[in-house]
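Undergrad: Any chance you could fold what I've pasted below:
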Amino acid sequence: MLDTIWLNWLLLTSIFSLALISPGPDLVVAIRNSVLGSRKAGLLTALGFATGVSIHMTYTLVGLAAIIAQSIVLFSILKYAGAAYLLYMGYKALRSNGFDKSEVSNLSGHKKISNKKAFMDGFITNVLNPKATVFFLAVFSQFITPETPMSVQFFYASTCVVMTGLWFSIVALALTNRRIKNKFLSFSKIIDRLCGGFLIALGLKLALSKA
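TA: Numbering: from 1, shown residues only. Have a look, this model is predicted:
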């Protein structure tokens, strides 16, 4: 049992790592606030992202628990829907041309960004992203079964929250350096390819696994 929990945790952290570093709205906001504002603004934005993820994880876990309590059939349908979404995400990532540098190329200088605004920028961007809702539901339908203890579910959820905060804190600390920022953005296409391949593999594994 413990071996399965830790193997699933390692797989979860792997796929979530790729999802985090893959270019998207969160990264745009993180770069904007760090470059236009300050490192402090970037760190507070990272805290906002992590708080947003905690909201997603809360209703995802509550929703899964309710579905499991109602019907194993509904839970199985959710798993197949999750598999389909992961395959779609992987396909889109493989066809992506990476991060559009023009979105941040005009950022220069600094302006005052209040602590509250920096935090809310991260929080609102993450919470109101509908793709995040589906992504978390799809990912957790992969790693949670009707027999998974609530403590393990909370451990998985907490991992995603902490990873989000840490990653975007690193972004805030590193991408205030122009050379590092440009180097990171230049690898965005490769990052999307890796993410796409892994998402497709995970989607196929989910679709072919027993309910």
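
Undergrad: And residue 208, how close does it get to residue 202?
TA: Note on residue 208: its distance to residue 202, by Cβ to Cβ, to the nearest Å, is 11 Å. (Glycine included, C-beta is placed from N, CA and C.)

Undergrad: Same drill for those two, tell me which one is more crowded.
TA: residue 202 (24 against 8; other Cβ atoms under 10 Å).

Undergrad: how near is that one to residue 119?
TA: According to Cβ to Cβ, residue 202 stands 32 Å off from residue 119.

Undergrad: what do you get for residue 177?
TA: 23 Å.

Undergrad: cool, and residue 157?
TA: Counting by Cβ to Cβ - residue 157 and residue 119 are separated by 21 Å.

Undergrad: Residue 29 too?
TA: Per Cβ to Cβ, residue 29 is found 11 Å from residue 119.

Undergrad: show me the contacts for the closest residue to residue 168 other than its chain neighbours.
TA: In space, residue 168 comes closest to residue 46 once its chain neighbours are excluded; the distance is 3.4 Å by Cβ to Cβ, 6 or more residues apart in numbering. If a contact means Cβ atoms under 8 Å, 6 or more residues apart in numbering, then residue 46 has 30, 122, 164, 165, 167, 168, 169, 171, 172 as its contacts.

Undergrad: residues touching the closest residue to the fifth one other than its chain neighbours, list them.
TA: Counting by Cβ to Cβ, 6+ apart, residue 167 lies nearest to residue 20, which is 4.7 Å off, once chain neighbours are set aside. Contacts of residue 20 were listed using Cβ under 8 Å, 6+ apart, and they are 163, 164, 167, 168.

Undergrad: Quick check: what element follows the helix or strand bottoming out on mean pLDDT in the chain along the chain?
TA: None of the helices or strands of the chain scores lower by mean pLDDT, DSSP states H and E than helix 102-105, at a mean of 53. Once the chain leaves helix 102-105, the next helix or strand it forms, by DSSP states H and E, is helix 115-127.
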